[in-house]
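Engineer: With the sequence up front, the predicted model follows.
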Amino acid sequence: MTIPFIRTPDSRFDELDVELWPVNYIEIDGLRMAYSDEGSGTAGTMLLLHGEPTWGFLFHRMYTPLISAGWRLIIPDLIGFGRSDKPVNRSDHTYANHVRWVGEFLSKSNVVSSQQPDAKHGFCAFYQDWGGLIGLRVVAEHPEWFDKLVLGNTVLPDGTKPMSDGFMHWQNRSQTMNPMDPGRLVAGNCQKAVLTEAEQDAYRAPFPDESYMAGARELPMMVPTSADNVAIPANQEAWSVLERWQKPVLTAWNTDDFVLGQYQSEFISRIPGAKDQPHRTYSGGHFIQEDSGEELVADMIQWFEELRD
C-alpha cells in the first residue's frame, strides 16, 4: 500500500547558517530516508538515533569529536523528520512501522556488515528519547548486529508502571501547542546550552508548516502509557532480550530532564551488561546532546578505551 507523503524542499536546509554534514538517501516503503555516513571507522561504527521532534542535526555538538576519535557515524533522520520524507497521515506513524523502518534501513544500507574488520570497538549505538524506544526494539530483534550500547534520557515502557507526570504533561502539550515550534522546544528544554537563532532555525527547517508535522504530533501519542497498549507485548519481548544482554551498556543521563530524567536506574538494574559500568550523570535538560554533548563524548571515548584495557 502506498503511503502518502510530502518532502521538505532542499532549499530549507541549503539556506541554514549552520554546518550540515553530507546526506545520503535510501528508499523504504516508497519513502526516502535520509542519513549521514561519515568518518574513518578505525575506532568503530556508531549509530546515532534521535527522537522527537528533532533530526540528525541534534548530534552537531558530538559529531566532530567523535569523527576526530576515528568513529564512523551513521546518523539517520527518522521517517517524518529531518530530510526524510514525511507521511501526511498520522495513522501511518505507528510504533511498529518506525521500528521496521529503522531495521530495514540498517539492513538495506549495509552499514552493519560494511564496517572495518579491524575496528577497535565494532558496531555501537547511542539512543536518546524515541531513539531508544525504536532502537532498543531493533536491538532485541537483531542482537547480533550490536557490540555496545550507550543510552541517554530514554525509556522502554513495558506496562508495569505508569509514565511520569512530566511525560504525561508533555504528551498533552504536544497536541495542544499551536504552533509546535521545534526550535523553541529544544532551546526551552536545555539548561546549559544557549542555542543561537541559526541553531533553532535548523530544528525548524524540516517543517515548513503544520502539514509536515504528522510524525512530530503523533510520536508522543505512540508512547505506550497503559498496559493494554498494542505495543506493550513487543516491548516486553524486547525487555526479555535486554534482561539477558551481556554486552557492555553505558547509561549517561541529564538528571534535570522532567520528561525522562528518572529512567536511568531501570536500565542499570535490568540489563546485565550495564552492571559495574561507570554510568554518568550530568546536570541539564532533556536534550543531552545539546546540554552535555561535549562531556558525553569525552566520557564515551574514555569508556570505550577502558573496555579494551
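Structural biologist: Perfect, thanks for sending it.

Engineer: For Tyr212, the count of nearby residues, please.
Structural biologist: 19 (other C-beta atoms under 10 Å). Glycine gets a C-beta too; all of them are placed from N, C-alpha and C.

Engineer: just Thr8 next, same as before
Structural biologist: 21.

Engineer: Relative to Thr154, how far out is the closest residue to it other than its chain neighbours?
Structural biologist: With sequence-adjacent residues excluded and distances taken as C-beta to C-beta, 6 or more residues apart in numbering, Thr8 is closest to Pro206, at 5.2 Å. Distance, Pro206 to Thr154, using C-beta to C-beta, to the nearest Å: 21 Å.

Engineer: circling back: what's the residue nearest to Thr8 in contact with, if anything?
Structural biologist: Neighbouring residues of Pro206 by C-beta atoms under 8 Å, 6 or more residues apart in numbering: 8, 12, 55, 77, 81-83, 86, 182, 212.

Engineer: The same query, at a cut-off of 10 Å, please.
Structural biologist: Residues counted as contacts of Pro206 (C-beta atoms under 10 Å, 6 or more residues apart in numbering) are 8, 12-13, 34, 53-55, 57, 77, 80-84, 86, 182, 212-213, 215-216.

Engineer: Now it. Its backbone dihedrals?
Structural biologist: phi -70, psi -10 (degrees, to the nearest 10).

Engineer: Can you show me the helices along this protein?
Structural biologist: Secondary structure of the chain (DSSP state H): helices located at 11-14, 60-68, 95-108, 130-141, 165-176, 182-188, 197-204, 214-222, 232-242, 264-270, 288-291, 293-308.

Engineer: Of the ones you listed, which stretch is the most buried?
Structural biologist: The highest mean neighbour count among these, using mean count of other C-beta atoms under 10 Å, belongs to helix 288-291: a mean of 26.

Engineer: picking that back up, quick one: closest of the helices of the chain to Pro4.
Structural biologist: Checking the helices of the chain against Pro4 by C-beta to C-beta gives helix 214-222 as the closest, at 9.9 Å.

Engineer: Tell me which other helices or strands that closest one touches.
Structural biologist: strand 86-87, helix 95-108, helix 130-141, helix 165-176 (3 or more C-beta pairs under 10 Å, 6 or more residues apart in numbering; DSSP states H and E).

Engineer: Adding mean pLDDT and distance to Gly41, write those out as JSON lines.
Structural biologist: Shown next, in JSON lines, are those (pLDDT from 0 to 100; distance: least, C-beta to C-beta, whole Å):
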{"stretch": "strand 86-87", "mean pLDDT": "98", "distance to Gly41": "31"}
{"stretch": "helix 95-108", "mean pLDDT": "97", "distance to Gly41": "15"}
{"stretch": "helix 130-141", "mean pLDDT": "98", "distance to Gly41": "20"}
{"stretch": "helix 165-176", "mean pLDDT": "97", "distance to Gly41": "36"}
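
Engineer: possible to save the ones you listed as a markdown table with distance to Met221?
Structural biologist: Putting the helices and strands packed on helix 214-222 into a markdown table (distance: least, C-beta to C-beta, whole Å) gives the following:
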| stretch | distance to Met221 |
| --- | --- |
| strand 86-87 | 15 |
| helix 95-108 | 10 |
| helix 130-141 | 12 |
| helix 165-176 | 7 |
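
Engineer: quick one, which of these is nearest to Gln264?
Structural biologist: With C-beta to C-beta as the yardstick, what comes closest out of those is helix 130-141 (11.4 Å).
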